[in-house]
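Participant: Here's my sequence, what's the structure:
(chains A and B)
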Amino acid sequence: MALDFRAVAHKTWRTFASIQTGVVLLILVVILAAAGTVVLQRPATEADEMQRAYTPQALRVLDALGLTNVFHAWWFLGLLLLVSICIVAASIDRFPNAWRYFSRPYKYPDSSFRRALHPQKSLAIVDEESGLVAAERALHSMGFKPERVIPKDSREDQFGIFCERHRISELAVYIVHASLLLIFFGTIVDGIWGWSGYLSLNEGQTSSVIELHDGSTRNLPFAVRCDAAGQENYQDGTPKKWWSKLAVVAAGHDVQKKEIVVNDPLLYNGVRFYQASYGSNGKVEKFSLVATPSKGSGEKQEIGFALNDSATLDADTTVRFAEFFPDFAVRDGQVYKKSNYLENPAAHLVVTSKSAGKDFDVWLPQMDDVADNSKSPYQFQPVDLKMGHYTGLQVSHEPGQWGVWSGVVLMGIGLAFVFYVIHMRFWVVPVRDEKTGKCSLWIGGSANRNRDAFEQRFNHLVTLIEADLKTAPSSSPSVRVATGVAN
Amino acid sequence: MARAKVEQQQPATGMTLIVLVGLAIAFLLFMAFLNVVKSGNLLNENNLLFATLIFYAGAGALYLGFGVTGTQSYLKFASFSTWLGLLGNTGAIAHRWYESGHAPFSSVYEMLLSFVWTLAVLTLVAEKKYGVKVIGTVTMPVAIVGVVLMQLLRTEVHPLVPALQSTWLHVHVTLAMLAYAACALSFALAMMFLIQDSLKTDTVLAVTSASTLAIYAGIVLTRFEKGGALNLVAWNPESKSEVFLSKGVRLFVTVPDLGWLMALTLLVVVSPLFFYAWARFKNDDSFLAIANRAVFLSILLQVMTLVMFILRARDGRYPSLDADGLFPTSLAASPFILSGLVGGVFISLLYLLLLWRRPDLERSLPTADALDRITYKTICLAFPLLTLMIASGAYWANQTWGSYWSWDPKETWAAITWLVYAGYLHMRITRGWRGRRAAYFAIFGFVVVMFTFFGVTYLLPGLHAYA
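Facilitator: Purely as a prediction, here's the structure:
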């Protein structure tokens, strides 16, 4: 029973660690992600647009399959999790081998290795030491640090030269895989503890309630106040810059102030405020008009007020700014607000006359089926309308983004190592033919990538050694010391 | 035996090709002349762009000429023409930059300008540094398509909206252009490899013709309307969406004459397959030569159909059978037809490239092994660039919208591209994929890149409206 369990566990492990599983999972991810870009997606596309684009049957099928919200579906996230598990399993499976390779360099090539290796070369030499010294000099001149390999006990005769460069390259691929996991980890943290939403502030307004993208709200432990906001335009009228002066208010004090623009957010306690939009909030800051008495030769006067304010016109008459519609429509004698954009504004004024004991409705512009302006004791001429503005802020809290960015940096480093740092090894072994007694110098090299460029380097090394063998004296004092140890 | 046949029928196809490319250049020169007369200003961006187009086209023609005839002297002129085109291209970029006051990266038009420039530079580098002399036969046509597309897209200078005013944008787009150009180069090298590798062309012929046949049959069967018109979905330019009659039912407009053109192209596209089947049936390879010529003819007709389709469907108002009045349509309303037409031209051209295999061309190319290695090296360059491009894009999005990844179509497709190349690298490194399989993979990768670059912008709805 226990054995069975182990067999199953082993099999599962092998499945996850195999590259086939990884490839199949990745192909699945690619297909589903592609489907998610072709089919309209739920939160981004509004419900009525979805209903317009697909027949009810088609929409039901797509919804049932989860294809209308691929990227937030549990099975897609589950798939990404499986991919991560696969990367971990494959890395763990292969890592011990790579680690052995890394931690215990193969310094002395045995005869079978020597037969199979490419590139390799044999040069005739007078004796072992002169050959090794020549090789050492050549390697030194190429910037390597050759190391003598000495037999561990007297029965062996394994001596030669080994040198290498950039051994770390063997582990680079694990750096890349680890960075990918770090990025995944960051996104998962953000997926669980992160949130993002929207905050709209009028100039002067303070708020701590964020409207989240899923429709709910979130209360921040501090508040944000917008002191001023504005827009700069290009000459053709398209917006060039949006800015907002924000202040963070905590426990009744301003703790931080910053003027933010697009691409330059404010950060407080891990919450970022991004400038996202700017526009008219449909509210009147100041409405200026000229009032002229309907009868008699009274003076014209200019008045200005905000919504719900009143102004005194003479001892008998006052006027109140009762209603405002930035974009109005009239139906059945009623005025409706069509939108919040300042497209087609209308104002409702109430003129009160004490002597008549009566209120007169005045509408600007005049609307015949709503009110009769001519009955009012005063006539009004609009002069200026100053609208209030809001600044739209994108608010987000992404506690995992440090994982993402450090993963990205690590991946950059890892990829640089994977592609451009090459692990090179050279071995030099003197070989004495048992029959003839003649001595030769075996030189071999290996690189883990870019082998054609490495071969040129190898050939260069061989030429250097050859040249050195021709000119150098047959032996030198330092070699005798080494020989003494070797024997 | 098969190779001898292919050689025999080369000169005829080759001459036709050269004559046609020559005619095209003459036509473009004429257009350029008209343009100069109209604007009365010699050194403006349009003229520079026309000059660029003409020189690239000349270079392309000469590279093609070399590919077909193997005349070495063509190469020198081709390279010279590329230099001149690059000069014009640089001028156009400088002009644009000067006029708009920002680096030319903010619209598809400007990005194409940079992409084509990078491609030309990389072509010259590959030629001089790696000795891949005929790389221009693949990259120059891509550059020409890029410049022609620029002519179709609007060229006014737009001020940068607030979201685009970021250094990260420039980093992002520069990296994207470099990465895409490197991918284009790897694609070209993979094609060279397939030419050099002894691949059986007749199977490719069958697959290519069958796919184009399927594309045109699909279009004609579903969209052909009585009287030779073609049905296209109506487009509402204000809301940027298709027009619906009721839930899930789209409003179609009928574009006159396009239906006939599609039907004609369908007939011509069938012919290579027919001759191929005949050759197999009779066991007579001489019919394959006829099939190859039919492919050539079908490409001409396909290009014409594509151009006509783009001209008619780009804008304009057309009547509908289901509603009164005239309705506008747009290329965005017919994503599948457009990608089908482009895809058909693309695969047919790839097949045409394979036909150039001849001993003299094989001698002038690096060995198949070397090409395979250089392809791999280019992808080793493209992959880190892709990675950095995605990372810088994510960083920019985070600075602007407060979210580094929102699965918008462009992001998703960039990730898909990255995964495809990651797959290539894994297959190559751990599974030892070499040669033909790796070459197919590199070609597939470039197709995905092209889809990410153009397809997503024009075919898929999304937030990435700037690019």
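Participant: As a quick check, tell me the outermost residue of the chain.
Facilitator: No chain specified, so I'll use chain A. A:G296 (71.5 Å; Cα atoms, centre = their mean).
Participant: please go with chain B instead
Facilitator: B:D324 (37.7 Å).
Participant: what about that residue, which SS state?
Facilitator: coil (DSSP: H, G, I helix; E, B strand; the rest coil).
Participant: Give me the distance between it and B:T387.
Facilitator: When distance is defined by Cβ to Cβ, to the nearest Å, B:D324 is 54 Å away from B:T387. Heads up, the C-betas are built off the backbone N, CA and C, glycines and all.
Participant: circling back: for the residue farthest from the centre of chain A, helix, strand, or coil?
Facilitator: With three-state DSSP as the criterion, A:G296 reads coil.
Participant: Let me see the ranges of the helices in chain A.
Facilitator: A:2-17, A:19-38, A:47-53, A:56-65, A:74-103, A:111-116, A:128-141, A:172-193, A:401-420, A:451-471, A:477-486 (DSSP state H).
Participant: which residues does the residue most central in space within chain B contact?
Facilitator: Residue closest to the average C-alpha location in chain B (Cα atoms, centre = their mean): B:V142, at 5.3 Å. Contacts of B:V142 were listed using Cβ atoms under 8 Å, 6 or more residues apart in numbering or on different chains, and they are B:119, B:184, B:188.
Participant: Quickly find the element holding it.
Facilitator: helix B:136-152 (DSSP states H and E).
Participant: backbone phi and psi for whatever residue of chain A ends up closest to chain B, please?
Facilitator: Of all residues in chain A, A:T55 sits closest to chain B, at 3.1 Å by Cβ to the nearest Cβ. Here is the backbone geometry of A:T55 (degrees, to the nearest 10): phi -70, psi 160.
Participant: Would you agree it is in contact with B:R250?
Facilitator: No: in this structure, A:T55 is not within contact of B:R250 by Cβ atoms under 8 Å, at 10.6 Å.
Participant: who's more crowded, those two?
Facilitator: B:R250 (17 against 13; other Cβ atoms under 10 Å in any protein chain shown).
Participant: who's in contact with the more buried one?
Facilitator: Neighbours of B:R250 in contact, by Cβ under 8 Å, 6+ apart: B:233-234, B:242-244.
Participant: And it, what's its pLDDT?
Facilitator: For B:R250, the pLDDT comes out at 77.
Participant: Look up the residues forming beta bridges with it.
Facilitator: Under DSSP bridges, the beta-bridge partners of B:R250 are B:F244.
Participant: Off-centre distance for the longest strand seen in chain A?
Facilitator: Scanning chain A for the longest strand, with DSSP state E as the assignment, gives strand A:271-293. Distance, stretch centre to chain centre, for strand A:271-293: 35 Å (Cα atoms, centre = their mean, to the nearest Å).
Participant: What pairs with it, parallel or antiparallel?
Facilitator: So strand A:271-293, judged by DSSP bridges, has these partners: strand A:266-268 (antiparallel), strand A:301-305 (antiparallel), strand A:378-397 (antiparallel).
Participant: tilt between it and helix A:401-420?
Facilitator: 120 degrees (axes from the mean of the first three to the mean of the last three Cα atoms, to 10 degrees).
Participant: What residues of strand A:271-293 count as buried?
Facilitator: By neighbour count on 16 or more other Cβ atoms under 10 Å in any protein chain shown, the buried set for strand A:271-293 is A:271-279, A:281-282, A:284, A:287, A:289, A:291, A:293.
Participant: Equivalent analysis for stretch B:101-116, please.
Facilitator: B:102-116.
Participant: Kindly report the same for stretch A:95-106.
Facilitator: So for stretch A:95-106, counting by 16+ other Cβ under 10 Å, buried means A:F102.
Participant: And the contacts of it?
Facilitator: With Cβ under 8 Å, 6+ apart as the criterion, stretch A:95-106 contacts A:113, A:162, A:164, A:167-168, A:170-171, A:174, A:425.
Participant: Could you do stretch A:61-69 as well?
Facilitator: A:35-36, A:39-43, A:50, A:54, A:59, A:73, A:75.
Participant: mean confidence score for it?
Facilitator: Stretch A:61-69 comes out at a mean pLDDT of 85.
Participant: so where does the nearest residue to A:V30 once chain neighbours are set aside fall, helix or strand?
Facilitator: Distances taken as Cβ to Cβ, 6 or more residues apart in numbering or on different chains place B:I416 nearest to A:V30, at 5.2 Å, with adjacent residues excluded. B:I416 is part of helix B:409-431, with elements assigned from DSSP H and E.
Participant: Okay, angle between that helix and helix A:74-103 too, please.
Facilitator: 40 degrees.
Participant: which of the residues in helix B:409-431 are buried?
Facilitator: B:409-428.
Participant: Can I get that helix in PDB? Just the C-alpha atoms.
Facilitator: Provided in PDB are the C-alpha atoms of helix B:409-431 (Å, rounded to 0.1, in the frame of the first residue of the first chain):
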ATOM      1  CA  PRO B 409      -5.300  42.300 -25.900                       C
ATOM      2  CA  LYS B 410      -2.000  43.900 -26.700                       C
ATOM      3  CA  GLU B 411      -0.500  42.800 -23.400                       C
ATOM      4  CA  THR B 412      -1.900  39.300 -23.700                       C
ATOM      5  CA  TRP B 413      -0.500  38.900 -27.200                       C
ATOM      6  CA  ALA B 414       2.900  40.300 -26.100                       C
ATOM      7  CA  ALA B 415       2.900  37.600 -23.400                       C
ATOM      8  CA  ILE B 416       1.900  35.000 -26.000                       C
ATOM      9  CA  THR B 417       4.800  36.000 -28.300                       C
ATOM     10  CA  TRP B 418       7.100  35.800 -25.300                       C
ATOM     11  CA  LEU B 419       5.800  32.300 -24.500                       C
ATOM     12  CA  VAL B 420       6.200  31.100 -28.100                       C
ATOM     13  CA  TYR B 421       9.900  32.200 -28.200                       C
ATOM     14  CA  ALA B 422      10.400  30.800 -24.700                       C
ATOM     15  CA  GLY B 423       9.000  27.500 -26.100                       C
ATOM     16  CA  TYR B 424      11.500  27.800 -29.000                       C
ATOM     17  CA  LEU B 425      14.400  28.200 -26.700                       C
ATOM     18  CA  HIS B 426      13.400  25.400 -24.400                       C
ATOM     19  CA  MET B 427      12.900  23.000 -27.300                       C
ATOM     20  CA  ARG B 428      16.200  24.000 -28.700                       C
ATOM     21  CA  ILE B 429      18.200  23.800 -25.500                       C
ATOM     22  CA  THR B 430      16.700  20.900 -23.700                       C
ATOM     23  CA  ARG B 431      15.300  18.900 -26.600                       C
END
